[in-house]
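[1] Build me a structure from this.
(one chain, ligands or ions: 1)
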Amino acid sequence: MNPDMMKAIVATGYGTSDVLTVQQVPVPTPATNEVLVRIYATTVTKADTMMRTGKPLFGRLMLGLTKPKNPIPGTGFAGVVEAVGKEVSLLQVGQRVFGETAVNFSANAEYVCLPENGVILPMPESMRYAEAALFTDGPMTSLNFLQEIGKLKPGQKVLINGASGSLGTAAIQLAKYMGAEVTGVCSTRNLGLVRSLGADQVVDYARQDFTQLGQRFHLIYDAVGKSSYRKCKQALQPEGKFLSPVLGGAIFRDMLFTSAFSSQKAQFAATGLKPADELRTLLSQLVEIWRQGHLKAVIDRQYPLDRVPEAHSYVDTGRKKGNVLISVREDG
Ligand SMILES: NC(=O)c1ccc[n+]([C@@H]2O[C@H](COP(=O)([O-])OP(=O)(O)OC[C@H]3O[C@@H](n4cnc5c(N)ncnc54)[C@H](OP(=O)(O)O)[C@@H]3O)[C@@H](O)[C@H]2O)c1
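    So this is what the prediction gives:
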């Protein structure tokens, strides 16, 4: 084996999971302010499938016009610092770390480089790589939406649509931790899961329209982007908020409209585009919540690195429960 080469998943263009190939590529060299991480666990998320398809099309302005300019997918990772650049002072070789590469992707590989002031933190001793790699998708995004954007307060009523996804399973637990009264919306097969995560009330979307419950929520977090502010406004408190992590024409229109003309608000944000220091603060807070036993990762399926294309096909179904984990090394 050539120590300068590593196994990585490479997208040869935009398209179905067939564009993903397993290749030997050079191990990246850390710049003076960067660390090289040997990856133990990584993930396949909706962000990766969007990067692979190049859809929505405007995303290509950032990702690359005709093919991904960072062709290795994967954002979340957990592993061990293998080497550090000359100016690195916060992290050391041998340290267990976790974080995300955001729009740079590149984590579905045996090694990844990122700046020491990027979204990277030392891992708590008792945390497993498999858990740590999952913190930056569902938990970090949902904490950003519920706490930073939604300003959720103890005793408030929050409804989480898409409660069985990566964002939803984290949101149920985080909203309970924040002292809210939590309603989770999911399909029949996921009612037990959502209840087990702490939801006070569960709604089966196949049987009941959650906007017709006769209840008014302070916050509706449409974690899977299947509803809209217009459909939900009668189920919101007069100053309630509709939050969507999924970009589409409707949320833009509703954000503009409500910012000018309504006491209710519709809001979207791209969590991964926040400054790295703010994301590190959210991650540190999540570690504390995890330490106190209020947050656990829901892992639906686990694949080895070679089978990332299969993992993409599964995420494409839109039916995953919680997260899809990629084990890069045996103990990951
Ligand atoms: N803006 C940001 O910062 C940000 C960050 C990360 C992710 N995201 C976005 O967030 C979205 C959610 O991602 P995710 O990984 O949590 O989940 P996902 O993979 O998009 O959705 C999977 C879950 O949604 C459920 N579901 C499907 N149709 C539904 C419906 N009509 N009503 C309620 N639930 C339904 C599925 O279960 P059933 O089929 O059994 O119902 C499944 O458990 C993605 O679009 C992703 O791109 C945004």
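[2] hey, let's count contacts and neighbours off CA atoms from now on
    Will do.
[3] Could you check how many residues crowd around the closest residue to residue 31 other than its chain neighbours?
    Using C-alpha to C-alpha, 6 or more residues apart in numbering and skipping residues adjacent in sequence, the residue nearest residue 31 is residue 85, 5.6 Å away. Residues lying near residue 85 (other C-alpha atoms under 10 Å) number 16.
[4] now swap in residue 331 and tell me
    Other residues close to residue 331 by other C-alpha under 10 Å number 10.
[5] shift numbering so it begins at 33
    Got it, the first residue is 33 from now on, which makes the last one we talked about residue 363.
[6] Could you verify that residue 357 is part of a helix?
    No - with DSSP: H, G, I helix; E, B strand; the rest coil as the criterion, residue 357 is strand rather than part of a helix.
[7] thinking it is in contact with residue 106, fair?
    No - judged on C-alpha atoms under 8 Å, residue 357 makes no contact with residue 106 at a distance of 10.6 Å.
[8] Report the set of residues contacting both of those two.
    74-76 (C-alpha atoms under 8 Å, 6 or more residues apart in numbering).
[9] What about these, which are in strands?
    74-76 (DSSP state E).
[10] for the stretch 183-332 of the chain, what spans make up the strands?
    189-193, 213-218, 233-236, 249-254, 268-276, 297-300, 331-336 (DSSP state E, counting those that start in this stretch).
[11] That should have said the stretch 33-182 of the chain, apologies.
    Ranges of strands in the stretch 33-182 of the chain, per DSSP E, counting those that start in this stretch, are 37-43, 52-58, 66-76, 108-116, 128-132, 143-147, 151-154.
[12] who wins for proximity to residue 93 among these?
    Nearest to residue 93, of all these, is strand 37-43, at 17.1 Å by C-alpha to C-alpha.
[13] Check which helices and strands that closest one is in contact with.
    Of the remaining helices and strands, those touching strand 37-43 by 3 or more C-alpha pairs under 8 Å, 6 or more residues apart in numbering; DSSP states H and E are strand 52-58.
[14] Just want the angle from the strand it packs on to strand 37-43.
    150 degrees (axes from the mean of the first three to the mean of the last three C-alpha atoms, to 10 degrees).
[15] Please spell out which residues along strand 52-58 are buried.
    52-54 (16 or more other C-alpha atoms under 10 Å).
[16] phi, psi of the residue nearest the centre of the chain?
    Relative to the mean C-alpha position of the chain, the nearest C-alpha, by C-alpha atoms, centre = their mean, is the one of residue 169, at 1.6 Å. Backbone geometry at residue 169, expressed as degrees, to the nearest 10, gives phi -90, psi -90.
[17] any idea how far it lies from residue 304?
    According to C-alpha to C-alpha, to the nearest Å, residue 169 and residue 304 sit 9 Å apart.
[18] ditto for residue 280
    17 Å.
[19] now residue 185
    From residue 185 to residue 304 the distance is 24 Å (C-alpha to C-alpha).
[20] Neighbour count for those two, which is higher?
    More crowded of residue 185 and residue 304, by other C-alpha under 10 Å: residue 304, with 19 against 16.
[21] Residue 131 is in contact with the more buried one, correct?
    No - taking contacts as C-alpha under 8 Å, residue 304 lies outside contact range of residue 131: 11.4 Å.
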